[in-house]
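[1] Output the structure for:
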Amino acid sequence: MKPDTIVLIHGFWVTPRSWEHWITRYKAKGFRVLAPAYPGFEVEVEALNADPTPIERLTVPGVLDTLIKVVESLDSQPILIGHSAGGVFTQLLLDRGHGAAGVAINSAPTEGVKPVPLSQIKATFPVLKNPANRHKAVGFTYEQWRYAFTNTFPEDQAKATYERYHIPASGHVFWGGALANIHPGHDDTYVNYKNPDRAPLLFISGENDHLMPPKIQRSNAKHYKAPDTITEVTQYPGRSHLMPAQDGWEEIADYALAWALDHT
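    Residues are numbered from 1 along each chain as shown. As a prediction, the model looks like this:
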């Protein structure tokens, strides 16, 4: 039986609100759609900007536990679709046996993915420039958001998305991810790339994504080595990091769903 539920997992610097158009579209197609918030993110964007305490307390295990409770409460395996850091959580869930199929859009890298393109260094500099940010919620200025998230958007749309979606991100989690490849032992974003039981996984990459460029998506996909598992990469031209909110997002949403259904 094909999946009847889709779980949408948001990334950093945004909330489940960033999926608002996808939720409407998938529900119109007859699917049950869940867009769980990270722990403490169950409030609106404006509330998190006013009081970022939940962001400062965020941990990868805490988010993963929340997501596992969501998918384990369902009667059957859902389709998992994650954007940015949500792509990492999609991969972590698949590795733990959850999900009928997964789609990671402009995904942040899991442990072991080492390319660090120059555009990513520039995009993440506001967080990584100061080690003290490990204990803070770190927001983008509009100019930083423009470069990292919406570099190919028209100016008016870039400003509108900043006002509607932007919140600070967890410096603690972000620094943890940046250091994952130099820590001894496994880190929070570890997945078993040789897991033969992992469900099919698609990476969707935006050609002009500054924050998580195509080089990262291709490298992440190549790490998966288990025979008889399905891992694919599709790249869309002219797309920025905030692909789920960019003009033409309907094409991405429909392709992600069709691919997942075709592989379950």
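
[2] so where's this structure shaky on pLDDT?
    The chain contains residues with pLDDT under 70 at 178-184.

[3] can you pull out the strands in it?
    5-9, 32-34, 79-83, 101-105, 137-138, 169-170, 201-206, 231-236 (DSSP state E).

[4] So which of the ones you listed is nearest residue 156?
    Evaluated over the strands of the chain, closeness to residue 156 peaks at strand 201-206, with 19.9 Å, by C-beta to C-beta. The way it works is simple: take the backbone N, C-alpha and C, and place the C-beta from them, glycine included.

[5] Identify all contacting residues around that closest one.
    With C-beta atoms under 8 Å, 6 or more residues apart in numbering as the contact definition, strand 201-206 has outside contacts at 87, 90-91, 94, 101-107, 213-214, 217-218, 220-221, 224, 229-236, 238-241, 243, 252, 255-256, 259-260, 263.

[6] Now that we have these, which of them are buried?
    Buried residues within the contacts of strand 201-206, counting neighbours by 16 or more other C-beta atoms under 10 Å: 87, 90-91, 94, 101-107, 213-214, 217, 220-221, 224, 229, 231, 233, 236, 239-241, 243, 252, 256, 259-260, 263.

[7] Which of the residues you listed fall in helices?
    87, 90-91, 94, 214, 217, 220-221, 252, 256, 259-260 (DSSP state H).

[8] Distance to residue 199 added to the residues you listed, as JSON lines?
    Output for those, formatted as JSON lines (distance: C-beta to C-beta, whole Å):
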{"residue": "87", "distance to residue 199": "15"}
{"residue": "90", "distance to residue 199": "10"}
{"residue": "91", "distance to residue 199": "11"}
{"residue": "94", "distance to residue 199": "5"}
{"residue": "214", "distance to residue 199": "23"}
{"residue": "217", "distance to residue 199": "18"}
{"residue": "220", "distance to residue 199": "16"}
{"residue": "221", "distance to residue 199": "15"}
{"residue": "252", "distance to residue 199": "20"}
{"residue": "256", "distance to residue 199": "14"}
{"residue": "259", "distance to residue 199": "12"}
{"residue": "260", "distance to residue 199": "9"}
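
[9] just to revisit the earlier point, using CSV, lay out the strands of the chain together with distance to residue 151.
    Listed next are those as CSV, based on distance: least, C-beta to C-beta, whole Å:
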stretch, distance to residue 151
strand 5-9, 23
strand 32-34, 28
strand 79-83, 16
strand 101-105, 16
strand 137-138, 19
strand 169-170, 18
strand 201-206, 10
strand 231-236, 14
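
[10] Check which residues of stretch 135-149 are buried.
    By neighbour count, and taking 16+ other C-beta under 10 Å as the criterion, the buried residues in stretch 135-149 are 136-140, 144-149.

[11] Restricted to helices, list those.
    Checking the buried residues of stretch 135-149 against DSSP H, those in helices are 144-148.

[12] one step back: nearest to residue 36, of the ones in helices among the buried ones among the contacts of strand 201-206?
    Proximity of these to residue 36 was ranked by C-beta to C-beta; the top entry is residue 90 with 12.4 Å.

[13] My read is that that closest one contacts residue 9, right?
    Yes. Using C-beta atoms under 8 Å, residue 90 is in contact with residue 9, at 5.9 Å.

[14] How many residues are close by the closest residue to residue 247 other than its chain neighbours?
    Counting by C-beta to C-beta, 6 or more residues apart in numbering, residue 157 is the residue found nearest to residue 247 once chain neighbours are left out, at 7.3 Å. Residue 157: 14 surrounding residues under other C-beta atoms under 10 Å.

[15] and the gap between the closest residue to residue 97 other than its chain neighbours and residue 85?
    Sequence neighbours aside, residue 197 is the residue nearest to residue 97 in space, at 6.7 Å (criterion: C-beta to C-beta, 6+ apart). For residue 197, the distance to residue 85 equals 24 Å [C-beta to C-beta, to the nearest Å].

[16] These two: who's more crowded?
    Neighbours were tallied for residue 197 and for residue 85 using other C-beta under 10 Å; the higher tally belongs to residue 85 (26 against 11).

[17] Could you report the separation of the more buried one from residue 189?
    Here the distance between residue 85 and residue 189 works out to 9 Å (C-beta to C-beta).
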